[in-house]
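Engineer: Give me coordinates for this.
(chains A, B and C)
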Amino acid sequence: LAALLGSVGAMAQSSVTVFGVIDVAARDLKGANSVKQLVNEGRAASRLGFRGVEDIGGGLKASFHIEAGLAPDTGSADAAFWQRRSTVSLSGDFGEVRLGRQKAATRTLIDEFDVFGGNAMSGINRIIFLDRNRMDNQVAYYLPKLGDFYGNVEVTAGEGNTTTSGKSTVGRAGYKTKQLHLSAAYGQFGALNKLKLSALGASYDFGDFQLLSSYSQYKQGTASLKVTNLGATVKVGSGKVLASYGRATGASNREANLLAVGYDYSLSKRTTLYTTFGSIDNKGTSTFALAGAAGASLPTAGGKSRGYEFGVRHNF
Amino acid sequence: LAALLGSVGAMAQSSVTVFGVIDVAARDLKGANSVKQLVNEGRAASRLGFRGVEDIGGGLKASFHIEAGLAPDTGSADAAFWQRRSTVSLSGDFGEVRLGRQKAATRTLIDEFDVFGGNAMSGINRIIFLDRNRMDNQVAYYLPKLGDFYGNVEVTAGEGNTTTSGKSTVGRAGYKTKQLHLSAAYGQFGALNKLKLSALGASYDFGDFQLLSSYSQYKQGTASLKVTNLGATVKVGSGKVLASYGRATGASNREANLLAVGYDYSLSKRTTLYTTFGSIDNKGTSTFALAGAAGASLPTAGGKSRGYEFGVRHNF
Amino acid sequence: LAALLGSVGAMAQSSVTVFGVIDVAARDLKGANSVKQLVNEGRAASRLGFRGVEDIGGGLKASFHIEAGLAPDTGSADAAFWQRRSTVSLSGDFGEVRLGRQKAATRTLIDEFDVFGGNAMSGINRIIFLDRNRMDNQVAYYLPKLGDFYGNVEVTAGEGNTTTSGKSTVGRAGYKTKQLHLSAAYGQFGALNKLKLSALGASYDFGDFQLLSSYSQYKQGTASLKVTNLGATVKVGSGKVLASYGRATGASNREANLLAVGYDYSLSKRTTLYTTFGSIDNKGTSTFALAGAAGASLPTAGGKSRGYEFGVRHNF
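Structural biologist: Just a heads-up that it's a prediction; the model follows:
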């Protein structure tokens, strides 16, 4: 059997694409104290991936996508190597059925309407708690193209796991033109003490100027959180200014404001130099922190987490 | 030195083949209780590999093969990343010398004559114990083409390890035409308390109908097991029906029958949709289980392990 | 954001080079006792890597290099998967700025002037202690081409780590023509109890005959070590004889002589058969050992570590 698979594999060689990102920044983070560090995700998580599409005929396609995070500062890989995404899909006139592990659609929405994205020093997810990011054992269905509308649902097999990492049902729908993008998502995670998550996103592209916004709610038992994010990008020559403001409101240990500004200078379509300044102002006893904060650079309760960075993002 | 190797590597670029399988199935397993899950190996273990052949001239070839298992349901990799196979070979008129880690020939035989193969929900190896699968530190020699006959021997360096994972000597020989395939293998594993394993396989391809069978014996000290497997495949349109019956006889805690039927529908040479129903009926106090069974889906002593699955296997 | 990166990645596909080495040897090591084993680095560490260069225009280039060690004898990968090297670079008329993890320049020098290199059974580093090899969080700068002169400096962010794995400053400069190569490096590692390391290297290529030598000093607090290495290679037909002599002098538990001879037979530019005999004679209570020695094959205090090997190195 192995020999047979092997030879089929060789025939299919042309269909494999190797891709990735190496994004390294020098960052200075200040919480209780200041710590200088090298980090791996100023604008996008460093990664290596393999993907391919097979055109079966009659509009039917089979495809796969496996993607591994990596940390160039230490050379380490993620604990679950292909945890960023590992899926196989069948797509056609009926839409797409996708099986495996990937980001939940609720999180995909929030990251898409965030100027800095999910892995940035100052991503809006820095002031979110109760969230679910990537999910194991996912069976997802994507609607076919319906004009400017799109939608998908995702269910995950609990496999006996009753936490919010187990069983889940997530749906997302949206309307997207060249200028306007509107999207809504809802998800339930877990069995016994369900996490309920809803998110809305809206953006408009004015050409050299782009506005993005998201609003999300997180509820689990008596715990709840509301997060608002407003962002803008402005083209300036070969570069782009990015700005993001976020606000989390919940219990007194979950209140904070986030402010971040950045500048991207594109050396090419694949390579960008960037700088960012970010700040989280915790309220009450909150301890939200910028990405990368650890040990001495963590904020005190109700304190500030500030940082700046200079980095390079190289796509391949 | 590194710089030199680097440049040589670049020259050789054209020879590297990226290959793999993503095989994901939705499976319902029932032992003591029923558990639904997403799994990674309905028909073949999900994997990513790299291999290449260098034609040195004069019939001499150097080649390498590294192959990593992966689990699309969670994104995780095998504990020893390239544990499926990591070898370098020299081959020519004299045959092939292969160094590294790979499956022992005794196991290769059993998997080859199994309709479902080694990683399937209902592979015959589900009712085998005392077995050895892949071996570290292997030095293998393959005979050159001798008409329809083939053969190889494998020895592994114990490196001070006295268990059946250490020192081993394995041999296999066979006769293979387009229709008929006969094969025999024998292996000794370990130093102090040797595991002795013998296996026979026979198959005949009638065209649209194929019969396969294997018989294997496992002995270590007073423990022993005999396993018989009989399988058949029948082409039906673009698809194929697979059936497998197995029987293990040994001590009262090692007796079981296995029955499995499946159907493969080929979307293309690379992509297959499949479904399988499998059942293990344990005798006495045996607790053999279908692949993937864990926790609540494990059978009680002497109980049944049943399951069915729907999946897709995509080769690249 | 992910979707955008993805499509850029696909465009850049042509720039990714897959490269590596599979080097496997059968080795017999004798310390207190003799142990036979299969090893992964007779002449070069087995590895898999991905790298690419983007020509941005105006002499500017962006590039990346990620490299993972692997052990074909067991299929295992390094604990930090890409620990051999994981860097992103910008280079141009100004030289090169490189960010990430890689070998410190002090070690690069010692390995370059070692006939057998850093991972060999009998590399000079086998009788070095107090050394630093690869460093996390490195920001390195390489001078542009200045005739036959080269130079670079490397600093690493301590990120709160006060050991010699944390903060470091390393520099290297050299002069290299087709025949003559002279190089010097100096490094300081750690914060509280700094390791200070200096190294000199010289080599001359007479055509069929090459001489290499290095001298290095290691100081940390009251501990210190001086290591001398002298090596030669002589072309013989399609092959090459290698010889290396090393001497470490320090405290009575850090004194040893190393002697190694080897023969490389090149089947092609990519594939080499080789054999090596190596010996370390420990003085006083030293316990330096050849690479791979462990358990029973470790030398007794002041004893000998001897070994020989036959192997194949295949570059791709």
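
Engineer: In the stretch 151-300 of chain A, what residue comes closest to chain C?
Structural biologist: Going by Cβ to the nearest Cβ, chain C is nearest to A:Thr271 of the stretch 151-300 of chain A, at 4.1 Å. In this view, the C-beta of every residue, glycine as well, is placed from N, C-alpha and C.

Engineer: what about the nearest residue to A:Asp73 once chain neighbours are set aside, helix or strand, and which?
Structural biologist: Using Cβ to Cβ, 6 or more residues apart in numbering or on different chains and skipping residues adjacent in sequence, the residue nearest A:Asp73 is A:Leu38, 4.3 Å away. For A:Leu38, the enclosing helix or strand under DSSP states H and E is strand A:34-39.

Engineer: helices and strands around that strand, which ones?
Structural biologist: strand A:17-30, strand C:134-142 (3 or more Cβ pairs under 8 Å, 6 or more residues apart in numbering or on different chains; DSSP states H and E).

Engineer: Tell me which of these lies nearest to chain B.
Structural biologist: strand A:17-30 (7.1 Å).

Engineer: For that closest one, buried residues please.
Structural biologist: By 16 or more other Cβ atoms under 10 Å in any protein chain shown, the buried positions in strand A:17-30 come out as A:17-27, A:29-30.

Engineer: and if you look at stretch A:265-285?
Structural biologist: Buried residues in stretch A:265-285 (16+ other Cβ under 10 Å): A:266-268, A:270-274, A:276, A:278-283.

Engineer: where along the stretch 51-200 of chain A do the helices fall?
Structural biologist: A:105-112 (DSSP state H, counting those that start in this stretch).

Engineer: if we can go back for a sec, export the helices and strands packed on strand A:34-39 to a markdown table and append columns for distance to chain B.
Structural biologist: Shown next, in a markdown table, are the helices and strands packed on strand A:34-39 (distance: least, Cβ to the nearest Cβ, whole Å):
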| stretch | distance to chain B |
| --- | --- |
| strand A:17-30 | 7 |
| strand C:134-142 | 12 |
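
Engineer: can you list the ones you listed in a markdown table and add mean pLDDT and distance to C:Val155?
Structural biologist: Output for the helices and strands packed on strand A:34-39, formatted as a markdown table (pLDDT from 0 to 100; distance: least, Cβ to Cβ, whole Å):
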| stretch | mean pLDDT | distance to C:Val155 |
| --- | --- | --- |
| strand A:17-30 | 96 | 10 |
| strand C:134-142 | 97 | 5 |
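
Engineer: check contacts around A:Phe189.
Structural biologist: The contact partners of A:Phe189, by Cβ atoms under 8 Å, 6 or more residues apart in numbering or on different chains, come to A:Ala104, A:Arg132, A:Met135, A:Thr164, A:Ser165, A:Gly166, A:Lys167, A:Ser168, A:Val170, A:Leu195, A:Leu197.

Engineer: got it, and A:Ser46?
Structural biologist: A:Gly20, A:Val21, A:Ile22, A:Asp23, A:Val24, A:Asn40, A:Gly69, A:Leu70, A:Ala71, A:Pro72.

Engineer: can you do 7 Å?
Structural biologist: Applying Cβ atoms under 7 Å, 6 or more residues apart in numbering or on different chains to A:Ser46 gives the contacts A:Val21, A:Ile22, A:Asp23, A:Asn40, A:Gly69, A:Leu70, A:Ala71, A:Pro72.

Engineer: Those also near chain C: which ones?
Structural biologist: Counting by Cβ under 7 Å from any Cβ of the partner chain, A:Val21, A:Ile22, A:Leu70, A:Pro72 from the contacts of A:Ser46 sit close to chain C.

Engineer: correct me, but the second one touches A:His314?
Structural biologist: In this case it means A:Ile22. Yes: using Cβ atoms under 7 Å, A:Ile22 is in contact with A:His314, at 5.0 Å.

Engineer: Could you pull out the residues contacting both of the two?
Structural biologist: Common contacts of A:Ile22 and A:His314, defined by Cβ under 7 Å, 6+ apart, comprise C:Phe64, C:Val88.

Engineer: Tell me which strands the one helix or strand A:Gly307 maps to pairs with, and in which orientation.
Structural biologist: Using DSSP H and E, A:Gly307 falls within strand A:304-315. Taking DSSP bridges as the criterion, strand A:304-315 forms sheet pairs with strand A:17-30 (antiparallel), strand A:271-282 (antiparallel).

Engineer: and it, average pLDDT?
Structural biologist: Confidence for strand A:304-315, expressed as mean pLDDT, is 97.

Engineer: wait, isn't A:Asp23 in contact with A:Val39?
Structural biologist: No: contact between A:Asp23 and A:Val39 fails when scored by Cβ under 7 Å: they sit 8.6 Å apart.
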